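A.B. asks: Make a model of this:
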Amino acid sequence: MSTSKKNTISRLDDHLGYWLRFVSNHVSDAFRKRLAEHEVTVAEWVALRSIHDAPGSSLNELAALMGMHKGPVSRLVDRLNEQGLAVRTQNQGDRRGVTIALTAAGQRLLPILAKTADENDAYFFGHLSAAERDYLIDILRGIVEQRKLNQKPTK
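C.D. replies: Take a look at the predicted model:
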């Protein structure tokens, strides 16, 4: 066996995925801690924001919007209901159907959480110019579209 061929193993930090995960872990962990100050999880934030974007959605519609299965979304809505942030309303024409909406408390909390998300973004990405930020978003959005990724990050 020839020893002239070197067995090269790429370094950890040679991988783009390493750097994406490195940054993502820190951004996500900081955001999770900021949301915890408001007694909300990242998954609950995503659900609240999604309900806001599509008020009066059914559970199926909300699950599709979030890129998740109906069961986990139903449990999220249950938690939001218990916290007084969202409510399920029985459809008049369909006894099995419900619509989901934010409560007044959920509507008051949402701008506070959105500001928290904005502050977290500013902390980690505020040094980027608008053009750099837009370029990075375009690159990442392109990967999402190319790979047909649809589940919203909730962890």
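
A.B. asks: Just the strands from this protein, written as ranges.
C.D. replies: Taking DSSP state E as the criterion, the chain carries its strands at 57-58, 86-90, 98-102.

A.B. asks: Give the full set of residues in contact with A86.
C.D. replies: Neighbour list for A86: 47-48, 51, 77, 80, 100-103, 106 [criterion: CB atoms under 8 Å, 6 or more residues apart in numbering]. C-beta coordinates here come from the backbone N, C-alpha and C atoms, glycine included.

A.B. asks: For it, which non-adjacent residue is closest in space?
C.D. replies: Counting by CB to CB, 6 or more residues apart in numbering, A86 lies nearest to L80, which is 3.7 Å off, once chain neighbours are set aside.

A.B. asks: The one you found reaches G106, doesn't it?
C.D. replies: Yes - judged on CB atoms under 8 Å, L80 makes contact with G106 at a distance of 7.0 Å.

A.B. asks: and stretch 92-110, average pLDDT?
C.D. replies: Mean pLDDT, computed over stretch 92-110, is 88.

A.B. asks: now the end-to-end length of that stretch.
C.D. replies: One end of stretch 92-110 sits 28 Å from the other (CA to CA, to the nearest Å).

A.B. asks: How far does it sit from its chain's centre?
C.D. replies: Centre-to-centre, stretch 92-110 and its host chain are 20 Å apart (CA atoms, centre = their mean, to the nearest Å).

A.B. asks: Check stretch 142-151 too.
C.D. replies: With CA atoms, centre = their mean, you get 14 Å for stretch 142-151.

A.B. asks: Reformat the strands of the chain as CSV; add distance to V42.
C.D. replies: Output for the strands of the chain, formatted as CSV (distance: least, CB to CB, whole Å):
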stretch, distance to V42
strand 57-58, 20
strand 86-90, 16
strand 98-102, 17
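
A.B. asks: out of these, which comes closest to T154?
C.D. replies: Taking CB to CB, strand 86-90 is the member of the strands of the chain nearest to T154, at 15.4 Å.
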